[in-house]
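Asks: Provide a 3D model corresponding to the input given below.
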Amino acid sequence: MKKSLRNRGFTLIEILVVIGIIAILAAIVLVAINPARHFREASNTQRSSNVNAILNAVGQFIVANKGELPDDLDSAVDDIKDDGDSTDDANEADICDQLVPEYIPALPADPTLDDQALSEDDCADAADVYDTGYTIELDGNRVIVCAPETVDVDTGAVVAAADQICVTR
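Replies: Numbering: from 1, shown residues only. Here you go, the predicted structure:
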């Protein structure tokens, strides 16, 4: 008896079933890993670290200057930035040149912004404008630094003010 040459491969149905099983397993793995969620968690962790670093630098400034606060620090919630417009500094705390490089090597910025850290040269140049994406406030004797662009790790939406990353000392 001769062997049939027709039975030497996989049928189309067998190949489609295997491809379908692989696709289902890949979808399960991607849902379990969820890289977008991990990136959001990493960004929030970076924000928390940056807020702590800024607050530590402000604390060191206060100690080194015998209780004196940085110039633009007041009881209003101010953005840590300098937009270059000296006539409208009401909501700005330009503390970069007071903190960098003595108390912090570079002033960190929010991970979603182009500027990731502001060096001494960035702070000293009066023509440069910067925005860290963080806010600072004086509440009595306590300094509060917040990251207003904190995101929900599940949805990716910016969280409400009550759920922002804030550190107080």
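
Asks: Which helix or strand in this structure has the lowest average pLDDT?
Replies: helix 120-124 (a mean of 72; mean pLDDT, DSSP states H and E).

Asks: Just the CA atoms from that helix would do, formatted as CSV, please.
Replies: Extracted C-alpha coordinates of helix 120-124, given in CSV (Å, rounded to 0.1, in the frame of the first residue of the first chain):
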residue,chain,number,x,y,z
GLU,A,120,21.7,76.4,38.0
ASP,A,121,22.2,77.9,34.6
ASP,A,122,18.4,77.6,33.9
CYS,A,123,17.6,79.4,37.1
ALA,A,124,20.3,82.2,36.9
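
Asks: start at 7 instead
Replies: In the new numbering, first residue 7, that becomes helix 126-130.

Asks: can you confirm residue 144 is in a strand?
Replies: Yes. Counting by DSSP: H, G, I helix; E, B strand; the rest coil, residue 144 is part of a strand.

Asks: ok, it to residue 111 distance?
Replies: 24 Å (CB to CB, to the nearest Å). Any C-beta I mention is one placed from the backbone N, CA and C, and that applies to glycine too.

Asks: which is the next helix or strand following the stretch of helix or strand residue 49 belongs to?
Replies: In the assignment (DSSP states H and E), residue 49 maps to helix 41-70. Moving toward the C-terminus from helix 41-70, the next helix or strand (DSSP H and E) is strand 84-88.

Asks: between that next one and helix 41-70, what angle do the directions make?
Replies: 90 degrees (axes from the mean of the first three to the mean of the last three CA atoms, to 10 degrees).
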